[in-house]
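J.: just to be clear, the model below is a prediction. Sequence and coordinates:
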Number of protein chains: 2
Amino acid sequence: MKGISIKDIAQEAGVSPTTVSFVLNGKGKEKRISEQVSKRILKIAGKLKYKPNQLARGLRTGKTKTIGLIVEDIANIFFANVAKVVEDEADKFGYKVLFGSTEDNEEKAKGLLEVLRYRQVDGYIITPTLNLDKEIAALQKPVVLMDRYFPNIADSNYVVVDNFQGAYTAVSHLVEQGYKKIGIITTTSAQIQMQQRLDGFVDALKKHDLPADKNVIKRLPFDLDRAGFIQEITQYLQQNKDLDALFFATNYLGICGIESIRSIGLHIGTDIGMVSFDDHDIFRLHSPSITCVAQPVEEIGRRLIHMLIAELEHSTEASAPQHVVLSLELRKRESSIPAVHHVNV
Amino acid sequence: MKGISIKDIAQEAGVSPTTVSFVLNGKGKEKRISEQVSKRILKIAGKLKYKPNQLARGLRTGKTKTIGLIVEDIANIFFANVAKVVEDEADKFGYKVLFGSTEDNEEKAKGLLEVLRYRQVDGYIITPTLNLDKEIAALQKPVVLMDRYFPNIADSNYVVVDNFQGAYTAVSHLVEQGYKKIGIITTTSAQIQMQQRLDGFVDALKKHDLPADKNVIKRLPFDLDRAGFIQEITQYLQQNKDLDALFFATNYLGICGIESIRSIGLHIGTDIGMVSFDDHDIFRLHSPSITCVAQPVEEIGRRLIHMLIAELEHSTEASAPQHVVLSLELRKRESSIPAVHHVNV
DNA sequence: CTGAAAGCGCTTACAG
DNA sequence: CTGAAAGCGCTTACAG
């Protein structure tokens, strides 16, 4: 790595490394370096295509211009999209992104946190798992949470969506479409975002004087595989033939739901209405297409990075914790139209 | 970052930092440090939870234990899956991954390469764009190419799939299923992988004495958006009503193809057969499901990282370039069954 | 207006 | 068997 260093520039300009460092860091004025010298240094640096060695700078200043991004699963389209926006935006500010997937596994998340910490990332964007609050609190660097947060920790920054509103909107839409006996398929996860979706579901039913008893709520262990989900949902449908619509609390549950409904010969929309939380390519393309409440992925990514950068750049200490709660958008499609008969493709 | 350093350990153990460094780097034997001292140091390091400062180490040794991963688009399911495997495997060897998406844009790719270079990554996994050969050759660090390579550069390492075989298999399957007039939808890209897919298509037709004239080949500019692709494919279908099957050279073309075929009222399979290169969740779930030739994503990711680590660890100089060409798997589904009438969902 | 010097936390030739 | 010292490429108090 014989890159060209500050010394090389100093030598060619006939000044000391100190002076070069001042000028290159935009402190020429402040340090009262002469215009003449400043220009000479800048010109030489440009000619030599000088790039500061981030390692050396990091060792000295403690800043690595790197941020750690911890998602649940980079292969999941939602997180992959967020990661892309985060990477793009971070780049604009000169930051690079180190990433990892937790698989929603506490131990894996802790390991990731530890590695990122001793890699001295300047800040973190984290999709927390359960029980990760202590480790996060101990981080000593700016953190922005995404997708979910810890209700009991008041001073954390986060960018999330309004899960309650999303679920409420989705279920109200089903009611307005004429469905009367609506069930929810969700997970057993105790995480806040799942809790809020369930609350939104129950609240919407109550508001419309529809039954919200235990039978309409189906919670599945979140560590089942695809086949397991399909089997459970299929069984639930067979045991609750009076249901005329389903709300799926995540897109992967919705996808499994499509297969379950198909497997018992029901027609989505006509026989059983359906809305899913979170959009997916499959929902748009499926026939019939699937109604959903969609997360504003682009905006989530942008807000995350801007919030983190703000913390990093003017670390005016103890800035008030930032909470951004974004709304979901109802995308009406064919799966929530009870009357229309769907033409096959 | 007042992490604990080698000095702290040295002090507590009553030895010099040098000795600590030797022991911690497993050179105790070699440097003939006494068993007694070694054990003491290791014990203290464990107690203090010592983590070496990678920045300092990197500055000194030139190794950052970081690899750069450049993909075409991290939000694309294929690349997202590969990225996940790469990150997982790299972690096992103590490496972290810095990533970026090129969008298949030369300038963006060059920028990414430059940033990664001055971040001193130890090695690269690159999905190259066109004309990136010179920049890659100038890298001075181990590189493994993925998805595509430069046929004119003999000494590069790469992990790719057998595009020719995949296309050949896909088209032969259509022929065996009884389709007689088969078209291909591909891009205008001059990149090797697209070229090979086209070659496989043409070769399969010739081998079966089917027409391979210009009319059956439709090349679309690869920078169109979704709507553009759909419009172009729809128009092509309308102008070539004698086609009874289509081979799509990428999964996103296949997805647009589904919409195009639907928009003109044709039924996939019965009216027009279809096979796509590369699998996608949508293909499995669509009704009718879509036949494809699938890439071995897991294996691609594993091979990439193992090839790169091998280069990094025993840099026995001038090792022969490694080329891995993996086969694709034909996944037969409903879209290539001409006779059966598909029941709608 | 500019520079010599210390130091970030390591590794490694060199010396004893 | 162990340690003092130099150096990786920066930044920054301090001095003049």
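T.: Looks like it arrived, so ask away. Residues are numbered from 1 along each chain as shown, chains lettered A, B, ... in the order given.
J.: what secondary structure does residue A:158 sit in?
T.: Residue A:158 falls in the strand class when you classify it by DSSP: H, G, I helix; E, B strand; the rest coil.
J.: mind listing what it touches?
T.: Going by C-beta atoms under 8 Å, 6 or more residues apart in numbering or on different chains, residue A:158 touches A:144, A:145, A:146, A:149, A:322, A:323, A:324. (Each C-beta comes from the backbone N, C-alpha and C, glycine too.)
J.: residues near the second one, how many?
T.: The reference is to residue A:145. As a burial measure, residue A:145 scores 23 neighbours (other C-beta atoms under 10 Å in any protein chain shown).
J.: if we can go back for a sec, of the contacts of residue A:158, closest to DNA strand C?
T.: Nearest to DNA strand C among the contacts of residue A:158 is residue A:144, at 26.0 Å by C-beta to the nearest atom of the strand.
J.: hang on, that closest one in a helix?
T.: No: going by three-state DSSP, the assignment for residue A:144 is strand, not a helix.
J.: isn't it up against residue A:307?
T.: Yes: at 5.0 Å, residue A:144 counts as touching residue A:307 under the criterion of C-beta atoms under 8 Å.
J.: ok so, going back, what subset of the contacts of residue A:158 is buried?
T.: Taking 16 or more other C-beta atoms under 10 Å in any protein chain shown as the criterion, what is buried in those is A:144, A:145, A:146, A:149, A:322, A:324.
J.: how about the fourth one, secondary structure?
T.: The one in question is residue A:149. Put simply, residue A:149 is coil when judged by three-state DSSP.
J.: residues contacting it?
T.: Going by C-beta under 8 Å, 6+ apart, residue A:149 touches A:128, A:156, A:158, A:160, A:192.
J.: which entry within these corresponds to the minimum pLDDT?
T.: Checking pLDDT across the contacts of residue A:149, the minimum falls on residue A:156 at 89.
J.: so what's the residue count around that one?
T.: Neighbourhood size, residue A:156 [other C-beta under 10 Å]: 20.
J.: quick check, it in contact with residue A:136.
T.: Yes: contact criterion C-beta under 8 Å: residue A:156 and residue A:136 qualify, at 7.4 Å.
J.: quick check: neighbours shared by those two?
T.: Counting by C-beta under 8 Å, 6+ apart, the residues touching both residue A:156 and residue A:136 are A:143, A:145, A:150.
J.: is it true that the first one touches residue A:123?
T.: Looking back up the chat, that one is residue A:143. Yes: look at residue A:143 against residue A:123 with C-beta under 8 Å: they come within range, at 6.8 Å.
J.: stretch A:284-301 vs chain B: in contact?
T.: Yes: counting by C-beta under 8 Å from any C-beta of the partner chain, chain B is contacted by stretch A:284-301 at A:285, A:286, A:287, A:288.
J.: now tabulate those residues in a markdown table and tack on neighbour count, distance to DNA strand D and pLDDT.
T.: Formatted as a markdown table, the residues of stretch A:284-301 next to chain B follow (neighbours: other C-beta atoms under 10 Å in any protein chain shown; distance: C-beta to the nearest atom of the strand, whole Å; pLDDT from 0 to 100):
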| residue | neighbour count | distance to DNA strand D | pLDDT |
| --- | --- | --- | --- |
| A:285 | 19 | 51 | 88 |
| A:286 | 23 | 54 | 88 |
| A:287 | 18 | 58 | 85 |
| A:288 | 24 | 59 | 91 |
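J.: just those: which are in helices?
T.: Using DSSP state H, the members of the residues of stretch A:284-301 next to chain B that fall within helices are residue A:285.
J.: report the secondary structure element holding the residue lying closest to residue A:220 once chain neighbours are set aside.
T.: Spatial nearest neighbour of residue A:220, excluding adjacent residues (C-beta to C-beta, 6 or more residues apart in numbering or on different chains): residue A:232 at 5.2 Å. Element membership for residue A:232, per DSSP states H and E: helix A:226-239.
J.: show me what that helix is packed against.
T.: Under the contact criterion of 3 or more C-beta pairs under 8 Å, 6 or more residues apart in numbering or on different chains; DSSP states H and E, helix A:226-239 touches strand A:182-187, strand A:217-220, helix A:251-263.
J.: helices and strands around the first one, which ones?
T.: When contacts are defined as 3+ C-beta pairs under 8 Å, 6+ apart, strand A:182-187 packs onto helix A:163-176, helix A:192-207, strand A:217-220, helix A:226-239, strand A:245-248, helix A:251-263.
J.: pick the most deeply packed of the ones you listed.
T.: strand A:245-248 (a mean of 28; mean count of other C-beta atoms under 10 Å in any protein chain shown).
J.: could you see whether chain B lies near that one?
T.: No: Strand A:245-248 does not reach chain B (C-beta under 8 Å from any C-beta); its nearest approach is 14.2 Å.
J.: what about that strand, distance to the chain center?
T.: Remark: strand A:245-248 is offset 24 Å from the chain centroid, using C-alpha atoms, centre = their mean, to the nearest Å.
J.: direction included, what does it pair against?
T.: Looking at strand A:245-248 with DSSP bridges, its partner strands are strand A:182-187 (parallel), strand A:273-277 (parallel).
J.: so which of those strands gets nearest residue A:221?
T.: Comparison of those against residue A:221 by C-beta to C-beta identifies strand A:182-187 as nearest, at 7.2 Å.
J.: tell me which parts of the stretch 1-150 of chain A are close to chain B?
T.: Applying C-beta under 8 Å from any C-beta, we find that the stretch 1-150 of chain A lies next to chain B at A:1, A:3, A:51-56, A:58-59, A:62, A:64, A:66, A:73-77, A:80-81, A:83-84, A:87-88, A:91, A:96-101, A:114-115, A:118-120.
J.: and which of the shared contacts of residue A:156 and residue A:136 is nearest DNA strand D?
T.: Distances from DNA strand D to the shared contacts of residue A:156 and residue A:136, taken by C-beta to the nearest atom of the strand, are shortest for residue A:143, at 23.2 Å.
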